[in-house]
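> this is the structure alone, sequence omitted:
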């Protein structure tokens, strides 16, 4: 008979760890286990492309909880195991190695795998992704012999990796297929600001550029571009998003596609199975109620807490405002809300001073803010996003008027 747990959590990242923590915090006394495909206990992923890559943060300081915590909370860690199949009727999961574990409730927090290039040469030595500790350890081990790096993808991971590599003294060229970096998550002004910052730090940026193939015999020697040009390099880092790890759930009959569909409690369409984090496709009121997947620590933690509370018998629904952050050079970008679909941008402050904010409006209402070295705007702007405030663009653009004052004015209007 396979081992059986009252709650089995698949995935040892932020969502899986928080689910276990929250179960105990809310009085759940049953047996709990985390099945993780990495050999390490749960750790923070954001530093991988930043402080861990540069060597400024040791791995022990990235652990979500100390080693002893899990035993103290009676949470069993089943590490180095990848769940390959789910039997929702028998309430059993099976790993790639053939082990089986039974469950009463299942929380799927498996996240996703780094999306890889599909072109010729993608398998060559020296082509890396940045998703796990093992990825970065292998990449870092090769760096002493590397002079020039091609980073493919102008999203957060690509930009953070470019920043870290520039700091380490490497020549970096960043290749983005779209007309600007951060095109899927930010407005034009923020994209242009970060492009200029990276160029000022010596990073070459190629926009509207595709990768046709990776050149080399056994190890990468260059990147062949769509126009026929070949850029010489000793390493390629691919940061083009993730593939949500939901195949076992979809094969078991769960609703979904680009992720697994969940309700406001985190429940999937399969009995006793919840999903949280990067792989959870959920209706989000900050995306006009449309189904989205949010790839952020905040989302993973908040959804995991809701699922754990629900299992523990505590009433909870997911309705958190999305927020994100990114550190590049001495710049701290903090985002609150979702700017996708915005129809106006309002600039607060001076980008030349390297401390400013951009407020995004949709039909006259505040839907998101991007704040660069502007923590006060980030903290105060949250209320505007939560309220969907209809704010005067002229006041939003005036740094002498705090966002707290504007938010207070909104409250006064609502009271009237």
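Right, received. Where do you want to start? Computed from a prediction, not measured in an experiment: that's the story for all the values here.
> longest helix in the chain, please.
Counting by DSSP state H, the longest helix found in the chain is helix 297-311.
> helices or strands up against it?
With contacts taken as 3 or more C-beta pairs under 8 Å, 6 or more residues apart in numbering; DSSP states H and E, helix 297-311 sits against helix 14-25, strand 100-108, strand 273-275. All C-beta atoms are positioned from the backbone trio N, CA, C, and that covers glycine.
> would you check how far apart residue 288 and residue 340 are?
Shown here: residue 288 relative to residue 340, a distance of 9 Å by C-beta to C-beta, to the nearest Å.
> who has more neighbours, the two?
Neighbour count, other C-beta atoms under 10 Å: between residue 288 and residue 340, residue 340 has more, with 17 against 13.
> can you check the pLDDT for the more buried one?
Looking at residue 340, its pLDDT stands at 89.
> same deal with residue 409?
pLDDT recorded at residue 409 is 73.
> regarding it, which helix or strand does it belong to?
Using DSSP states H and E, residue 409 sits in helix 403-415.
> confirm for me that residue 314 is in contact with residue 23.
No. Using C-beta atoms under 8 Å, residue 314 is not in contact with residue 23; the gap is 10.3 Å.
> looking at the two, which one has more neighbours?
Higher neighbour count among residue 314 and residue 23: residue 23, with 27 against 15, using other C-beta under 10 Å.
> report the separation between the residue lying closest to that one once chain neighbours are set aside and residue 302.
Spatial nearest neighbour of residue 23, excluding adjacent residues (C-beta to C-beta, 6 or more residues apart in numbering): residue 308 at 4.5 Å. Taking C-beta to C-beta as the measure, residue 308 falls 11 Å from residue 302.
> residue boundaries of the strands in the stretch 101-250 of the chain?
All strands of the stretch 101-250 of the chain, identified by DSSP state E, counting those that start in this stretch, fall at 112-114, 127-129, 148-152, 171-175, 204-206, 211-216, 220-225, 230-232, 235-238, 242-244.
> want to try TSV for those, with mean pLDDT, mean neighbour count and distance to residue 268 as columns?
Formatted as TSV, the strands of the stretch 101-250 of the chain follow (pLDDT from 0 to 100; neighbours: other C-beta atoms under 10 Å; distance: least, C-beta to C-beta, whole Å):
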stretch	mean pLDDT	mean neighbour count	distance to residue 268
strand 112-114	95	17	16
strand 127-129	97	22	27
strand 148-152	98	24	33
strand 171-175	98	22	37
strand 204-206	98	18	41
strand 211-216	96	19	36
strand 220-225	96	20	40
strand 230-232	96	15	44
strand 235-238	97	24	30
strand 242-244	95	19	13
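> closest to residue 398 out of those strands?
Smallest distance to residue 398 across these (C-beta to C-beta): 32.3 Å, for strand 204-206.
> that closest one pairs with which strands, and in what direction?
Strands that pair with strand 204-206, judged by DSSP bridges, come out as strand 171-175 (parallel).
> what residues does the strand it pairs with touch?
Applying C-beta atoms under 8 Å, 6 or more residues apart in numbering, the contact partners of strand 171-175 are 147-154, 158-159, 162, 165-166, 181, 198, 202-206, 209, 211, 223, 225, 231, 233.
> in this protein, which ranges drop under the pLDDT threshold?
Applying pLDDT under 70 to the chain flags residues 410-416.
> what segments of it are helices?
Going by DSSP H, the chain shows helices at 14-25, 51-54, 67-72, 133-142, 156-167, 188-200, 247-251, 297-311, 375-387, 393-396, 403-415.
> right, so of those, which gets closest to residue 92?
If we rank these by C-beta to C-beta, the stretch that ends up nearest is helix 247-251, at 11.7 Å.
> so what's the gap between that closest one and the chain middle?
22 Å (C-alpha atoms, centre = their mean, to the nearest Å).
> and residue 284, how many neighbours does it have?
The number of residues packed near residue 284 is 20, by other C-beta under 10 Å.
> starting at the chain centroid, how far to the longest helix of the chain?
What separates the centre of helix 297-311 from the centre of its chain is 15 Å, taken as C-alpha atoms, centre = their mean.
> so residue 308 and residue 302 - more neighbours on which side?
Comparing residue 308 with residue 302 by other C-beta under 10 Å, the one with more neighbours is residue 308, at 29 against 24.
> these two touch, right, the more buried one and residue 22?
Yes. Assessed by C-beta under 8 Å, residue 308 is found in contact with residue 22 at 3.5 Å.
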